[in-house]
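[1] Using only what follows, build the 3D model:
(chains A and B)
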Amino acid sequence: MRTLKITIILVLSGLIVNLAMAHDLVELKKNTSNKVVIKYMFNVGSMMDPEGKEGLSMLTASLISDGGSTQYTKIEIDDLLYPMAASYYASVDKEVTVFTFEVHRDFIDSFYEIAKGLLYTPAFDENDFNRIKSNQQNYVDQIIKASSDEEYSKMALEDLLFRGTSYQHMIMGTSSGVNGITLDDAREFYKKYYTKDNLLIGIAGNYSEDFKNKLLLDREQLPALQFTLQEAPEISMPDGLQVEIIEKENALGSAIYAGYPLDITRVDDDFAALMVANSWLGEHRKSYGQLYEKIRRTRSMNYGDYTYIEWYENGGRVQLPLAHVPRHSNYFSLWIRPVQIGVQLKAQYEELGSIDVGHAPFALRLAIREIDMLAKNGISKEDFELTRQFLRSYIKLFVQTTEKELGFLMDSHFYGRENYIAELDELLANLTVEDVNEAARKYFQVENMYVCIVTDDSETEALSENLLKNKPSPMSYSNLVREGLSEDILQEDEEVAAYKLNVKSVDIINSQNTFK
Amino acid sequence: MKILKILPLILLTLACVPGDKDGGQVDDVFPYTIHQKALPNGLNVVTVPYESPGIASFYIVVRAGSREEVEPGKTGFAHFFEHMMFRGTDKYPTDVYNKNLKSIGAAANANTWLDRTVYHMTGNAKMLDKMFDMEADRFQNLNYSVHGFKTEAGAVKGEYTKNYASPMMQLNEKTVNVAFDKHTYKHTTMGFWDDVVEMPNQYEYSLMFFDRFYRPEYSTILVVGDVTPDLVNSLAEKYFGDWERGSYVPEIPVEPEQTETRFAHIQNANFPPYLSLNYKSPAFDPDSKESASLSVISQILFSQKSELYKKLVIEERKCRYLGGGAMFTRDPYLFSVRSSLHNPDDLQTVKDEIIKSIQDLIDNGVDQKVLSDTKSHVKYDFATGLDSSTAIAEVLSYSIWATGDPEAFGRFFNLIETITVEDLQATAKKYFIPEHLTISTISPEEEGGVL
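    Okay, the predicted model is just below:
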């Protein structure tokens, strides 16, 4: 066991929290908690999937979290853990795989004896493999394309943005990649990457020193490092706006996701400044972002509009960010939730009978124009102060539970930080509006971007032509909305409609041909 | 990141006594004290102090949801109205409201479901006064323009549009439409598409909706976190003390008894085959052994631990997923058993296996150890989930909207502890009958084809 590198004692309103961190252990002791959380973070993710085996890191992790051990079968484990209501799961991203185990402290010893078998002596049973592989294959072939067009557009954007790199494919893999994975592939992958030198353990809650020592001792049964750590890909800026339209049958709207490479991560102190600018522009699921205000609230176009300076997992469902998606290769993104397509608008409003395309071109122009103005003009001192005040409180909500607090601490480690949330608060406290506007100027731009739109096949051609020819796209309001709009808004609409996008290419792809 | 976790069925029962491993004796069902104070106008104020330094969760539960949408053509209106609550007052027009909200640094939002609408914000406990001020203002003095009303309707249409991409959403809409004839559970909370499109024209109705339901007798204030009951009660009196009671009581249509099996089907060749068996289930009653028994049955018959799951998902691999349970609703709703399949040819077999499993429980009961393990599972699942002010507020708000009483889930938990095998058998025999069943399917075929 290595010596603990740092220990911080925080006394918060009588609640004593021990927070300790080593190179290979993160501790978060909470003596009033009724449970124990254990996390194992391996530096292995989908970017290590071998060519032709895309999805292998996910499948390997699932064999551990949803399979058996050499001691117990999957069914026996389910039976043993049932009265404990213990939970455990794997989360896999591009660069890390994290196993999280949570159990009431009453059961910690008996639970751990079962759990450690999953991690250190997994069964790699053929029946488990076939079951899990089939579900993963189904996800890639059907579920992602037929459940949420928004999630689909996000995966498609990553496929476009990272094309030709180890980041390109979905965590769940590609159709041919998953199909090509064998049980031996998973065994070999486990042997190669699940090593003691590639592992960071985290423990939180109400546990004993003896228990912690047992965790560290057990880790020794893993082999030593047998590979050279792979670096995240460097991605180049696209030439102009490169648009990919994915057409499918029976889509009710156009789901838009766009982005470009960003040369900054949580490692950099500048990230805090960029976070303020981004929050003002499009804070996730908040009603006071600039894009939300202009596209949803003022113009009635969709359900929400947001921007991101790092990957936001499961944004369609969660309102606060999740841990365990740390990445070295980063990008900025714009999320425009589905807007109406032409066919639907025509059917709903007689006055729109002559339109040839729905709201996607206008929404995209409006959003990009706002990004452009932010980069050029920055934000006011007043907006800066308010947004910073918001963020300094809001980021503390990221870590409301013991599990999330431990998760964010372990992610801090990935970025070479000790406690990202605490350090971020300090960075925010020391910012000036000039810092924020400088970061906005440096990192926001609109000339080069990948754009992915999932839409109905009736919309594809007109949308493609509009973007490719950079045709003006006047906003097609229903009379219901138009009659109450102010002159200022209608004037701004004209400017948006004529706003030129630097479109260099538009490709149309049938849904059946994605994620092959 | 993709999380692979087979979620246990959510059994919203209250917590446990550490060390009580066999599910037998429970003395204290909830580890935190629930303080209640009713204001003279009928508004109930609930406070739960909890160690979340500097953080408070502030909830307002309005017991009006899509269940209260009794007039034709107004489906989805409770949810639409939830959107309108963010459209400002004279004192705090939307942009001022948003600035104030931003200054609190809160995670704030609202959501609507069958029986309720919940408004919530979790943020800086030191700004509780501001939270009360803002919420009291819009709950009593909401004042939006006709144009604001029409504009917001577009956001609801956008929400429907994004949801529609899921065949599961489409099937759910169809299932309740088929399963119910008269009751307002016939439509989903989103409402029918035609009604959603028509929403911008319902301004006058929206004023009536606000007048009916945004009243103290329909509402409960709930604050959990770094607060004291004295502070919360004094703020409630200060800001909500003058809120006037209303008089409206909706007449919710009574659903006639279903007399034969019904069918709902979606044809989709690009989605895995899907089956759900939806039995009419009783209204949730925290003091009813039937409600408690149905919760236990959902675990024993359809959880990951069940024999059916082992057979269909793990061993025979006919199903990708299996689960089931009843919602806790104010009126009779549905107990649904759901399964995603590999092969559409197995839809009938899987249906038959589910029925066989239910019949086996009715005929032969269950092992005592399985029952006691289930009780333990329910307790510990809940106990480990109560780990933030938000989590506690979510649970208590559920207890409030389902029953009107934040303590009700505690009683329900005690009741689960008393359930016997005979209770399970009697409840299963009463509710799992073909006359009360709606079979829903997704498959590549034009018809569901399951008998």
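
[2] so what are the domain limits for chain B?
    B:35-240, B:262-443 (automatic domain parsing).

[3] between these, which one is nearest to A:Gln221?
    A:Gln221 lies closest to domain B:262-443 among those, at 27.8 Å (CB to CB). Using the backbone N, CA and C atoms, a C-beta is placed for each residue, glycine as well.

[4] from the chain's centre, how far out does the closest one sit?
    Offset of domain B:262-443 from its chain centre (CA atoms, centre = their mean, to the nearest Å): 14 Å.

[5] got the contact list for whichever residue of chain B sits closest to chain A?
    Nearest residue of chain B to chain A (CB to the nearest CB) works out as B:Gly105 at 2.3 Å. B:Gly105 makes contact with A:389-394, A:396-397, B:123-124, according to CB atoms under 8 Å, 6 or more residues apart in numbering or on different chains.

[6] Recalculate using a threshold of 10 Å.
    Contact analysis of B:Gly105 by CB atoms under 10 Å, 6 or more residues apart in numbering or on different chains lists A:388-397, B:121-124, B:127.

[7] returning to that earlier point: okay, the domains of chain B in a markdown table with mean pLDDT next?
    Conversion of these to a markdown table gives the following (pLDDT from 0 to 100):
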| stretch | mean pLDDT |
| --- | --- |
| domain B:35-240 | 96 |
| domain B:262-443 | 96 |
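
[8] Mind putting those domains into CSV with distance to B:Val450?
    Formatted as CSV, the domains of chain B follow (distance: least, CB to CB, whole Å):
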stretch, distance to B:Val450
domain B:35-240, 13
domain B:262-443, 5
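
[9] Of the ones you listed, which is nearest A:Ala146?
    For A:Ala146, the closest of the domains of chain B is domain B:262-443, at 4.8 Å, according to CB to CB.

[10] Now do the end-to-end distance for the closest one.
    The first residue of domain B:262-443 is 17 Å away from its last residue (CA to CA, to the nearest Å).

[11] what helix or strand is B:Leu231 on?
    Element membership for B:Leu231, per DSSP states H and E: helix B:229-240.

[12] what pLDDT does B:Ile6 get?
    Looking at B:Ile6, its pLDDT is 28.

[13] again with the one 3 residues further on
    pLDDT for B:Leu9: 31.

[14] wait, isn't A:Lys469 in contact with A:Val503?
    Yes. Using CB atoms under 10 Å, A:Lys469 is in contact with A:Val503, at 8.6 Å.

[15] Name the residue in these two with the higher neighbour count.
    Shown here are A:Lys469 and A:Val503; by other CB atoms under 10 Å in any protein chain shown, A:Val503 has more neighbours (18 against 10).

[16] who's in contact with the more buried one?
    A:Val503 sits next to A:240-243, A:364, A:449, A:451, A:466-470 when contact means CB under 10 Å, 6+ apart.

[17] mind redoing it with 8 Å?
    A:Val503 neighbours (CB under 8 Å, 6+ apart): A:240-241, A:243, A:467-468, A:470.

[18] what is it paired to in the beta sheet?
    Assessed by DSSP bridges, A:Val503 has beta-bridge partners A:Leu241.

[19] Read off the pLDDT value for it.
    We have a pLDDT of 98 for A:Val503.

[20] before we move on, back to that, keep only those of the contacts of B:Gly105 that are in helices.
    When the contacts of B:Gly105 are checked against helices (DSSP state H), the matches are A:388-394.

[21] Among those, find me the one that's closest to chain B.
    The shortest approach to chain B among these belongs to A:Ser393, at 2.3 Å (CB to the nearest CB).

[22] Check whether the closest one really touches B:Leu101, as I assumed.
    No. If you go by CB atoms under 8 Å, A:Ser393 and B:Leu101 don't touch, sitting 11.4 Å apart.

[23] circling back to that earlier point, PyMOL command for the buried members of the contacts of B:Gly105?
    To isolate the buried members of the contacts of B:Gly105 in PyMOL, using 16 or more other CB atoms under 10 Å in any protein chain shown:
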select buried, (chain A and resi 388+389+390+391+392+393+394+395+396+397) or (chain B and resi 121+122+123+124+127)
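
[24] Turn the contacts of A:Val503 into CSV, including pLDDT and distance to B:Glu71.
    Formatted as CSV, these follow (pLDDT from 0 to 100; distance: CB to CB, whole Å):
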residue, pLDDT, distance to B:Glu71
A:Gly240, 98, 53
A:Leu241, 98, 48
A:Val243, 98, 45
A:Leu467, 97, 44
A:Leu468, 95, 48
A:Asn470, 93, 48
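
[25] Just the buried residues from the residues you listed, in PyMOL please.
    Buried members of the contacts of A:Val503, defined by 16+ other CB under 10 Å, are picked up in PyMOL with:
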select buried, chain A and resi 241+243+467+470
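
[26] I'd like to know which of the contacts of A:Val503 is nearest to A:Tyr260.
    Nearest member of the contacts of A:Val503 to A:Tyr260, counting by CB to CB, is A:Leu241, at 9.4 Å.

[27] how close does that closest one get to chain B?
    24 Å (CB to the nearest CB, to the nearest Å).

[28] Could you chop chain A up by domain?
    With domains defined by automatic domain parsing, chain A comprises A:6-219, A:241-513.

[29] between those domains, which has the poorest average model confidence?
    Among the domains of chain A, domain A:6-219 has the lowest mean pLDDT, at a mean of 92.

[30] which residues of the stretch 101-250 of chain B fall in strands?
    Along the stretch 101-250 of chain B, counting by DSSP state E, counting those that start in this stretch, strands occupy B:107-113, B:116-124, B:219-225.

[31] name the helices or strands packed onto the second one?
    It stands for strand B:116-124. Applying 3 or more CB pairs under 8 Å, 6 or more residues apart in numbering or on different chains; DSSP states H and E, we find strand B:116-124 packed against helix A:381-394, strand B:55-62, helix B:77-84, helix B:94-104, strand B:107-113, helix B:128-141, helix B:389-403.

[32] want to try JSON lines for the contacts of A:Val503, with distance to A:Ser87 as columns?
    Listed next are these as JSON lines, based on distance: CB to CB, whole Å:
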{"residue": "A:Gly240", "distance to A:Ser87": "47"}
{"residue": "A:Leu241", "distance to A:Ser87": "44"}
{"residue": "A:Val243", "distance to A:Ser87": "42"}
{"residue": "A:Leu467", "distance to A:Ser87": "46"}
{"residue": "A:Leu468", "distance to A:Ser87": "50"}
{"residue": "A:Asn470", "distance to A:Ser87": "52"}
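
[33] Of the contacts of A:Val503, just say which sits nearest to B:Glu316.
    Closest to B:Glu316 out of the contacts of A:Val503 is A:Val243 (45.9 Å), distances taken as CB to CB.

[34] which SS class is that closest one?
    Look at A:Val243: counting by DSSP: H, G, I helix; E, B strand; the rest coil, its state is strand.

[35] show me what contacts it?
    Taking CB under 8 Å, 6+ apart as the test, what A:Val243 contacts is A:450-453, A:464, A:467-468, A:503, A:505-507.

[36] need the contact list for the closest residue to B:Phe139 other than its chain neighbours.
    Nearest non-adjacent residue to B:Phe139, counting by CB to CB, 6 or more residues apart in numbering or on different chains: B:Tyr214, 5.7 Å away. B:Tyr214 makes contact with B:62, B:139-140, B:142, according to CB under 8 Å, 6+ apart.
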